[in-house]
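> task: produce atomic coordinates for the following.
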Amino acid sequence: MIYKTKGTCSTQIDIELNGDTIGAVKFTNGCNGNLQGISKLVEGMKCEDAIAKLRGIKCGFKNTSCPDQLSYAIEEAMRQNA
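Prediction:
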């Protein structure tokens, strides 16, 4: 699934789920090293656990962040897979 981010330097998140588990995550644009690290950390994690950990993280003065946007991408992917 492709998720278009809102309010972040990254513009898109490609996400694959394996049932209720995160299979693969790839960010487009943004802070490459950090986003690769976040992607690797959540791969294999239960969707609900990742959402709980990432939701609400802010970047500087922004009301969101790439991890926060990833939580919304996971949620959307879960809805599409339901």
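> next, the closest residue to Met45 other than its chain neighbours: phi, psi?
Closest residue to Met45 apart from its sequence neighbours, by Cβ to Cβ, 6 or more residues apart in numbering: Ile22 at 5.4 Å. Quick note: C-beta positions are derived from backbone N, CA and C, even for glycine. Main-chain dihedrals, Ile22, degrees, to the nearest 10: phi -80, psi 120.
> what sits against Ile22?
15-16, 42-47, 50, 74 (Cβ atoms under 8 Å, 6 or more residues apart in numbering).
> which of those residues has the most neighbours?
Compared across the contacts of Ile22, Ile74 has the highest neighbour count, 26 neighbours, by other Cβ atoms under 10 Å.
> avg pLDDT for the host helix or strand of that one?
Secondary structure from DSSP states H and E places Ile74 in helix 66-81. Averaging pLDDT along helix 66-81 yields 97.
> cool, and stretch 41-52?
Rounded mean pLDDT across stretch 41-52 is 98.
> kindly check the end-to-end length of that stretch for me.
End-to-end distance for stretch 41-52: 14 Å, by Cα to Cα, to the nearest Å.
> how about stretch 8-28?
Using Cα to Cα, the end-to-end distance of stretch 8-28 comes to 11 Å.
> with stretch 22-38 instead?
12 Å.
> burial count for Ile38?
20.
> hmm, it is touching Cys66, no?
Yes: judged on Cβ atoms under 8 Å, Ile38 makes contact with Cys66 at a distance of 6.9 Å.
> overlap in contacts, those two.
Phe27.
> please identify which helix or strand holds Lys62.
Using DSSP H and E, Lys62 maps to neither a helix nor a strand.
> distance check, it against Met45.
Distance of Lys62 to Met45, given as Cβ to Cβ, to the nearest Å: 24 Å.
> confidence score at the residue lying farthest from the centre of the chain?
The C-alpha centroid of the chain is most remote from Phe61, which lies 19.5 Å away (Cα atoms, centre = their mean). Note for Phe61: predicted pLDDT of 94.
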